[in-house]
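Student: Coordinates for the following, if possible.
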Amino acid sequence: MNRNPHDKAKKKVLFVCLGNICRSPAAEGILRAIVAGHGDEARWEIDSAGIGDWHIGQLPDQRMRVHARRRGYDLTHHARQVRESDFDRFDLIIGMDSANIEDLRSLAPTPEAMAKIKPMAHWLRTIATRYDYIPDPYYEGAEGFELVLDLLQDACANLYADLTGR
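Tutor: Numbers count the residues shown, from 1 in each chain. Here you go, the predicted structure:
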């Protein structure tokens, strides 16, 4: 991001996880809710995608939708795979764990595109001492989905504050 992060230009954020059915659509839904709560929807473009193509077109994992709905988030995104054009379209491309970051780096077409890639854990503040990535809850029970939502709520709130100065 070459411009001042607090300027009035539209902020374009892409969240990425492995399959785009748990972590990244949850992050998208949480940030959308934060942005809407501030009446900032017109100044943001928020999306999510997956490294792999296994779930293209599917809604987020049912368990993630249930846990998110309990917190007031309606996850309606349909899974898609990261495209090279995403590196031109978005200012910030956020990976959920180190494997996602490495995969994104291998997909980045230019050094400028690579500079847009950041780990979601960069914005963790409350629980940062215990987590340096957002764990994949896919093979976990209910507590795994709750933990991921806790982490994403913290990180998304801090991301919003960092990008808006609020």
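Student: Every contact and neighbour count from this point should use C-alpha atoms.
Tutor: OK.
Student: Residue 80 is in contact with residue 59, correct?
Tutor: No. The pair residue 59 and residue 80 fails to qualify as a contact (C-alpha atoms under 8 Å) at a distance of 9.9 Å.
Student: hmm, who's touching stretch 104-121?
Tutor: Applying C-alpha atoms under 8 Å, 6 or more residues apart in numbering, the external contacts of stretch 104-121 come out as 1, 51, 84, 87-88, 91-98, 101, 128, 131-134, 155.
Student: pLDDT of that stretch, averaged?
Tutor: Stretch 104-121 shows an average pLDDT of 97 in the prediction.
Student: Return the set of buried residues in that stretch.
Tutor: 104-105, 107-108, 113-121 (16 or more other C-alpha atoms under 10 Å).
Student: Pull up the distance across it, start to finish.
Tutor: Using C-alpha to C-alpha, to the nearest Å, the end-to-end distance of stretch 104-121 comes out at 16 Å.
Student: follow-up on the earlier one: let's see the PyMOL selection covering just the buried ones among the contacts of stretch 104-121.
Tutor: Typed into PyMOL, the line below selects the buried ones among the contacts of stretch 104-121, using 16+ other C-alpha under 10 Å:
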select buried, resi 51+87+91+92+93+94+95+96+97+98+101+132+133+134+155
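Student: Sort out for me which of the contacts of stretch 104-121 are in strands.
Tutor: With DSSP state E as the criterion, strands contain 92-95 from among the contacts of stretch 104-121.
Student: got the contact list for residue 100?
Tutor: Contacts of residue 100 by C-alpha under 8 Å, 6+ apart are 16-18, 51.
Student: Just the ones in strands from these, please.
Tutor: Counting by DSSP E, the contacts of residue 100 contribute 16-17 to strands.
Student: can you tell me which of the contacts of residue 100 lies nearest to residue 43?
Tutor: residue 16 (20.7 Å; C-alpha to C-alpha).
Student: longest helix in the protein, by residue count?
Tutor: Using DSSP state H, we find that the single longest helix of the chain is helix 142-164.
Student: So which bits of that one are buried?
Tutor: Buried, per 16+ other C-alpha under 10 Å, within helix 142-164: 144-146, 148-149, 151-160.
Student: Centroid-nearest residue for the chain?
Tutor: residue 15 (2.9 Å; C-alpha atoms, centre = their mean).
Student: Residue 148 versus residue 69, what's the distance?
Tutor: The value you get for residue 69 to residue 148, if C-alpha to C-alpha is used, is 14 Å.
Student: wait, I meant residue 137
Tutor: From residue 137 to residue 148 the distance is 7 Å (C-alpha to C-alpha).
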